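Participant: Provided below for reference: sequence and predicted model.
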Amino acid sequence: MKHIFVNETTSVSFEKALDNIYDKNHTILILSCSNDYTKDQLDPVLQKYDNNILGAIFPQIVYKGKIYTKGVIFILLDELINIKTIPNIYDRSSINNQLKNINTQNIKSVFVFADALSKKIDILTYCLYENFGLFFNYFGAGAGNINHKNPYCIISNQGLCKQCAVIGFSKLKTSLGIKHGFNSYSTNLKVTKSSLNIIKEINYNDAYEEYKNTIIAIQPKLKDNYDFNKISKNYPIAIHKLHNNIYIIRDPILTDNKTITCIGNIDENSTISIMNGDKEDILTATKEAFIEAVEQCDFDTNLTLYFAGTSRLYLLEDSIGLDIDMIAEDKKYIMGALCLGEIANIRDTVLEFHNRATVIVKVQTNE
């Protein structure tokens with residue numbers, strides 16, 4: 001498996017590395033953490049190649065087990081993957097039209113990178129499930145940088161794009177594990193009014209007040225110094241998937257003191273809980289995700305992909321490197337990103353857009 005890391009953020013260095021690794025018989029996976037590239041700079045570079053590039057731009061990337069805040073990784077995968085760029089991921093009918101003629105014979109894995117700031121990324125995962133079921137391993141991440149003004153974050157042969165996704169249908173075997181490490185902290189609550197990623201009411205009260213009062217009832221000492229921006233980092237929200245006893249984390253990131261805006265949708269009438277976790281729980285979750293991926297692995301590999309929510313930094317702080325240390329293998333095989341949400345199926349149960357989780361993927365390598 002050939003790979004190149006460039007610790008620069010110029011379009012010239014990007015083009016040079018891409019030229020060096022390009023192979024018309026293989027797909028190139030690109031993971032970048034620079035959003036300084038302009039569409040005008042990179043579109044001509046990406047468009048001069050055949051349809052064999054997929055990737056995205058994230059807040060941070062991981063190369064050989066180390067975290068970088070600038071740079072780009074180019075990975076030459078051991079197959080020429082069938083790649084589909086999906087524009088307008090907020091439009092269900094458009095997505096279904098793009099997916100309906102894809103040949104999935106012999107497909108084993110699906111790479112998925114989507115603009116996390118589109119607010120409707122869940123529609124993409126719903127459409128993938130509706131069209132293809134859970135016959136493959138799906139994995140990938142939400143791209144973009146919430147603190148950056150450049151909205152273009154998806155990479156394909158069409159160039160840089162926003163409000164879109166790039167999907168790779170692969171015959172390569174993969175094994176994956178996903179865990180978040182948070183535990184239920186409250187009784188069950190009901191979302192009585194919502195719109196996409198905005199919770200308007202919980203238990204028929206303003207969402208902000210119900211969230212605040214629920215936490216204070218458990219932790220009265222927080223009443224006098226309640227600060228949503230600090231509290232929400234430690235108390236995410238989880239959607240119950242009751243039929244499978246699964247909790248899907250949602251990051252509460254904004255409030256107008258009435259509603260709560262999350263990364264990822266929360267459907268009306270969902271049952272939710274407020275969650276909590278500590279550093280030990282978070283680190284243990286990554287270890288368990290790695291073990292899960294190893295237990296399913298029945299193929300040769302020297303590539304382990306690591307996708308973890310940037311919001312895990314809220315609890316781990318300077319210990320984020322310890323999270324990667326939970327992956328008990330040679331760090332030179334570990335590459336990935338700290339992202340705005342994670343995309344993965346939990347075994348053969350649900351395909352979801354997750355927050356604050358770690359996704360570990362072992363990818364078949366033949367060369």
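Facilitator: Yes, it's here.
Participant: Enumerate every residue touching residue 23.
Facilitator: residue 76 (CB atoms under 8 Å, 6 or more residues apart in numbering). All C-beta spots, glycine's among them, are computed from the backbone N, C-alpha and C.
Participant: ok, it to residue 14 distance?
Facilitator: Residue 23 sits 17 Å away from residue 14, going by CB to CB, to the nearest Å.
Participant: What of residue 88?
Facilitator: Distance from residue 88 to residue 14, by CB to CB: 26 Å.
Participant: The two - which one has more neighbours?
Facilitator: residue 14 (23 against 16; other CB atoms under 10 Å).
Participant: pretty sure that one is in a strand, no?
Facilitator: No - secondary structure of residue 14 (DSSP: H, G, I helix; E, B strand; the rest coil): helix, not part of a strand.
Participant: and the closest residue to residue 99 other than its chain neighbours, what element?
Facilitator: Closest residue to residue 99 apart from its sequence neighbours, by CB to CB, 6 or more residues apart in numbering: residue 131 at 4.7 Å. Here residue 131, judged by DSSP states H and E, is contained in helix 121-132.
Participant: Touching the helix or strand that comes right after that helix from outside, list them.
Facilitator: Heading C-terminal from helix 121-132, the first helix or strand you meet, by DSSP H and E, is strand 137-143. Outside strand 137-143, the residues that touch it by CB under 8 Å, 6+ apart are 56-58, 108-116, 121, 125, 128, 153-154, 174-176, 263, 305, 307, 337, 339-345, 351, 353, 359, 361.
Participant: can you list the residues that contact whichever helix or strand comes after strand 137-143?
Facilitator: The C-terminal neighbour of strand 137-143 among helices and strands, as given by DSSP H and E, is strand 154-156. For strand 154-156, contacts defined as CB under 8 Å, 6+ apart pick out 30, 32, 42, 46, 53-57, 83, 85, 113-115, 143, 160-162, 164-166.
Participant: Give the ChimeraX command for selecting the buried subset of those.
Facilitator: To isolate the buried ones among the contacts of strand 154-156 in ChimeraX, judged by 16 or more other CB atoms under 10 Å, type:
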select :30,32,42,46,53,54,55,56,57,83,85,113,114,115,143,160,161,162,164,165,166
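Participant: Take the contacts of strand 154-156 and keep only those in helices.
Facilitator: 42, 46 (DSSP state H).
Participant: Tell me which of the contacts of strand 154-156 fall in strands.
Facilitator: Within those, residues falling in strands by DSSP state E are 30, 32, 53-57, 83, 85, 113-115, 143, 160-161, 165-166.
Participant: Run through the helices of the stretch 151-300 of the chain in chain order.
Facilitator: 207-218, 228-234, 279-296 (DSSP state H, counting those that start in this stretch).
Participant: Generate TSV for these, with distance to residue 247 and mean pLDDT as supplementary columns.
Facilitator: As requested, the helices of the stretch 151-300 of the chain are exported to TSV (distance: least, CB to CB, whole Å; pLDDT from 0 to 100):
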stretch	distance to residue 247	mean pLDDT
helix 207-218	16	95
helix 228-234	16	89
helix 279-296	12	93
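Participant: Nearest to residue 256, out of the ones you listed?
Facilitator: helix 207-218 (7.6 Å; CB to CB).
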